[in-house]
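Novice: next input, structure requested:
(one chain, ligands or ions: 1)
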Amino acid sequence: MSSISFFDQVNQNFDRAAALTNYPVGLLKQIKICNSVYHVTFPIRRDDGSIEAIEGWRAEHSQHKLPTKGGIRYSMMVNEDEVMALAALMTYKCAIVDVPFGGAKGGIKISKQNYSQAELERITRRYTFELVRKNFIGPGVDVPAPDYGSGPAEMAWMADTYAAFTTSELNTAACVTGKPIPLGGVRGRTEATGRGVYFGIRELCNVVEDMKKIGLKPSLEGKRIVVQGLGNVGYHAAKFLQQGGGIIVGLAEYEGAIYKKDGLDVDDVVRHRKENKSILNYPGATNLDSPREALEQECDILVPAALENQITMENASKIKAKIIAEAANGPVTADAGEFLTSSGTKMVIPDSYLNAGGVVVSYFEWLKNISHVRFGRMEKRFEESAFKKLLGAVEKATGNKFSDAELLELAHGANEEDLVNSGLEETMIDAFYQIRTIRAKHEDKINLRTSAFLCAIDKVARAYMELGIFP
Ligand code: NAD
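Specialist: The predicted structure follows:
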């Protein structure tokens, strides 16, 4: 484990980049600090009638843009330092992918498997009420989302509780994102973070000169990949990477890890895990002694998608992957990240960029909620009829007839999911090249993490300067 806290690690990365800027010290300090933290303890009644005190947090790191945005974690490891660190990462993440929000994060300190559905609902609703009480939630104030241990069900309970306390507000659905579709969720949100991870890795793999430097052939095709964590982010990232031509050679969950040189089928491993209550003993694969061992396996790309502090100075020298893709938040400690990239033969794609797909699509969901209309509703049929007219003109000019299947595919108007996925892809590609351009300006002497921080610092600093708060 690293000897410094998670928030200190984020700040260490920040300081490395900040030292390369000319912004006033006071402005840099304002960007770095966490503006507000709310720590709450509340009682809930267990199913057996007993009372339990539950601890929760919400941190709003920066209100330079509103609302603030960030997930809610359900884990026994949640603490004040962790939510502050994750809230800070959200500020930088939003800036990098041009999402006009400040950063926030929340957490409830529980081990979910110890509670029934009814108890989890009571905990989530009471936590939401505590946020309402202190104005730490609202469409224009602070908008939670799913994170480690939470998903659409928790978001539905939060939205419903918020609506119950704000009856005259029109935009209540926009108080959280990651909701089920019938409650105002957006298609594509569940898989968005994993899909974004895939886009980011694919873009890097397509850069011929970068791949040459680290001794890999360009393209994702045939790259051997190990993924740690088969939850929302890890599962979807693994699936999209496999569909994109990567070979998933290793998968790790908390109960163990498996490795298979010629590739694992992600969905089949998930089915096996569900049936056997363990990832281990998958036919044809080798069981590894511990989940951590998966990180050290022979592969080209390592995707830690579980939790922070997985690659530290203790195991960094054992990492064989050339690309370490931070799908989770903070999986590589600040010092280990510098160690891995110092020789120039490995690259770390930083969390502040790579897992931003979730907040990008959350932003789309928020836009859908405040505009009260589904993406594509106004233009889908119009587009289809315009495409059909065009195809008809082509048929007339060439004398060739399109088949019904071709017509169906070519005259397809964009629906909500098409638009969300396309907006996500555009955002991830654009942000990747913003970061690369900054690195090129520094003659490739800085790593991608420092470039990403420089990108974020510049955007947040300019927002403060526009407000006239700083010269
Ligand atoms: P999740 O709860 O859906 O999945 C996490 C998975 O990791 C679980 O299946 C868990 O069993 C597994 N895991 C825990 N410890 C492990 C270990 N030591 N080895 C292997 N597997 C382990 O959570 P998630 O939403 O996928 O989040 C994962 C990470 O991605 C977190 O760092 C989170 O902050 C980050 N993230 C999530 C989102 C999102 O949209 N959900 C967005 C950005 C970043």
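
Novice: the helices in the stretch 51-200 of the chain, which residues?
Specialist: Ranges of helices within the stretch 51-200 of the chain are 80-96, 117-133, 152-165, 192-205, based on DSSP state H, counting those that start in this stretch.

Novice: so which of those helices is nearest the ligand?
Specialist: helix 192-205 (3.8 Å; C-beta to the nearest ligand atom). (C-beta placed from N, C-alpha, C; glycine too.)

Novice: and that closest one, what's its mean pLDDT?
Specialist: Averaging the model's pLDDT scores along helix 192-205 yields 98.

Novice: residue closest to the middle of this structure?
Specialist: The centroid of the chain falls nearest to residue 355 when counting by C-alpha atoms, centre = their mean (3.2 Å).

Novice: what segments of the stretch 251-400 of the chain are helices?
Specialist: Under the criterion DSSP H, counting those that start in this stretch, the stretch 251-400 of the chain contains helices at 266-276, 334-341, 351-354, 357-371, 380-398.

Novice: could you say what helices and strands the third one packs with?
Specialist: Judged by 3 or more C-beta pairs under 8 Å, 6 or more residues apart in numbering; DSSP states H and E, the packing partners of helix 351-354 are helix 80-96, helix 192-205, helix 416-441, helix 448-466.

Novice: taking the protein, what residue is nearest to the ligand?
Specialist: Taking C-beta to the nearest ligand atom, the chain has residue 231 as its residue nearest the ligand, at 1.6 Å.

Novice: so who does that residue touch?
Specialist: 148, 305, 306 (C-beta atoms under 8 Å, 6 or more residues apart in numbering).

Novice: what's the burial count for residue 337?
Specialist: Neighbours of residue 337 under the rule other C-beta atoms under 10 Å: 27.

Novice: quick check: it vs residue 460, distance?
Specialist: 21 Å (C-beta to C-beta, to the nearest Å).

Novice: buried residues of stretch 134-150, list them for me.
Specialist: Across stretch 134-150, burial judged by 16 or more other C-beta atoms under 10 Å covers 136-139, 141-150.

Novice: residue 237 and residue 326 touch, don't they?
Specialist: No. Contact criterion C-beta atoms under 8 Å: residue 237 and residue 326 do not qualify, at 11.0 Å.

Novice: list the contacts for the residue of the chain most remote from its centre?
Specialist: Farthest-out residue of the chain from its mean C-alpha position, per C-alpha atoms, centre = their mean: residue 399, at 49.3 Å. Residue 399 makes no contacts at all, as judged by C-beta under 8 Å, 6+ apart.

Novice: now the phi/psi pair for it, please.
Specialist: Dihedral angles of residue 399 (phi, psi; degrees, to the nearest 10) stand at phi 80, psi 0.

Novice: for it, give me the pLDDT.
Specialist: At residue 399, pLDDT is 96.

Novice: same check on the one 5 residues further on?
Specialist: The per-residue pLDDT reported for residue 404 equals 93.

Novice: count the residues that sit near residue 219.
Specialist: 15.

Novice: then it would be within a helix, right?
Specialist: No. Note on residue 219: no helix contains this position according to DSSP: H, G, I helix; E, B strand; the rest coil, which reports coil.

Novice: nearest residue to it in space, please, no chain neighbours.
Specialist: With C-beta to C-beta, 6 or more residues apart in numbering as the criterion, residue 219 has its nearest non-adjacent residue at 5.8 Å, and that residue is residue 205.

Novice: okay, that neighbour and residue 442: tell me how far apart.
Specialist: 22 Å.

Novice: the more surrounded of these two?
Specialist: residue 205 (23 against 13).

Novice: what residues does the stretch 101-250 of the chain put near the ligand?
Specialist: Neighbours of the ligand within the stretch 101-250 of the chain, by C-beta under 6 Å from any ligand atom: 146, 147, 148, 149, 193, 228, 229, 230, 231, 232, 233, 234.

Novice: which one among those gets closest to residue 283?
Specialist: residue 230 (17.2 Å; C-beta to C-beta).

Novice: can you tell me the SS state at that closest one?
Specialist: Criterion first, three-state DSSP; result for residue 230: coil.

Novice: is the nearest residue to it once chain neighbours are set aside in a bridge, and if so with what?
Specialist: Spatial nearest neighbour of residue 230, chain neighbours left out: residue 253 (5.4 Å); criterion: C-beta to C-beta, 6+ apart. With DSSP bridges applied, residue 253 shows beta-bridge pairing to residue 256.

Novice: can you pull the contacts of residue 253?
Specialist: Residue 253 makes contacts with 229, 230, 273, 278, 279, 291, as judged by C-beta under 8 Å, 6+ apart.

Novice: mind checking how far the fifth one is from residue 272?
Specialist: The one in question is residue 279. Per C-beta to C-beta, residue 279 is found 7 Å from residue 272.

Novice: burial check on residue 360, number of neighbours?
Specialist: 26.

Novice: ok, now which ones touch the closest residue to residue 354 other than its chain neighbours?
Specialist: Among residues not flanking residue 354 along the chain, residue 200 sits closest, at 4.5 Å (C-beta to C-beta, 6+ apart). Taking C-beta under 8 Å, 6+ apart, we find residue 200 in contact with 325, 349, 353, 354, 428, 432.

Novice: isn't the residue nearest to the centre of the chain up against residue 331?
Specialist: No. With contact defined as C-beta under 8 Å, residue 355 does not count as touching residue 331 (9.9 Å).

Novice: list phi and psi for residue 227.
Specialist: Residue 227 adopts backbone torsions of phi -120, psi 130, taken as degrees, to the nearest 10.

Novice: so what's it up against?
Specialist: When contacts are counted by C-beta under 8 Å, 6+ apart, residue 227 touches 234, 237, 238, 241, 248, 250, 251, 252, 303, 305, 327.

Novice: please name the nearest non-neighbouring residue to residue 322.
Specialist: Once flanking residues are discounted, residue 322 sits nearest to residue 214: 4.5 Å by C-beta to C-beta, 6+ apart.

Novice: neighbours of that neighbour, just the number please.
Specialist: 17.

Novice: what do you get for residue 386?
Specialist: 13.

Novice: so what does the helix or strand of the chain with the lowest mean pLDDT touch, helix or strand wise?
Specialist: Ranked by mean pLDDT, DSSP states H and E, the helix or strand of the chain with the weakest confidence is helix 404-410, at a mean of 94. If contacts are counted by 3+ C-beta pairs under 8 Å, 6+ apart, helix 404-410 sits against helix 380-398.

Novice: now the helix it packs on: how far from the chain's centre is it?
Specialist: Relative to its parent chain, helix 380-398 has a centroid offset of 39 Å by C-alpha atoms, centre = their mean, to the nearest Å.

Novice: pull out the buried residues from the contacts of residue 253.
Specialist: Counted by 16+ other C-beta under 10 Å, the contacts of residue 253 give 229, 230, 273, 279, 291 as buried.

Novice: contact partners for residue 456?
Specialist: Taking C-beta under 8 Å, 6+ apart as the criterion, residue 456 is in contact with 91, 92, 93, 95, 96, 352.

Novice: so can I have JSON lines of these showing pLDDT and neighbour count?
Specialist: Shown next, in JSON lines, are these (pLDDT from 0 to 100; neighbours: other C-beta atoms under 10 Å):
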{"residue": "91", "pLDDT": "98", "neighbour count": "32"}
{"residue": "92", "pLDDT": "98", "neighbour count": "29"}
{"residue": "93", "pLDDT": "98", "neighbour count": "29"}
{"residue": "95", "pLDDT": "98", "neighbour count": "31"}
{"residue": "96", "pLDDT": "98", "neighbour count": "25"}
{"residue": "352", "pLDDT": "97", "neighbour count": "31"}
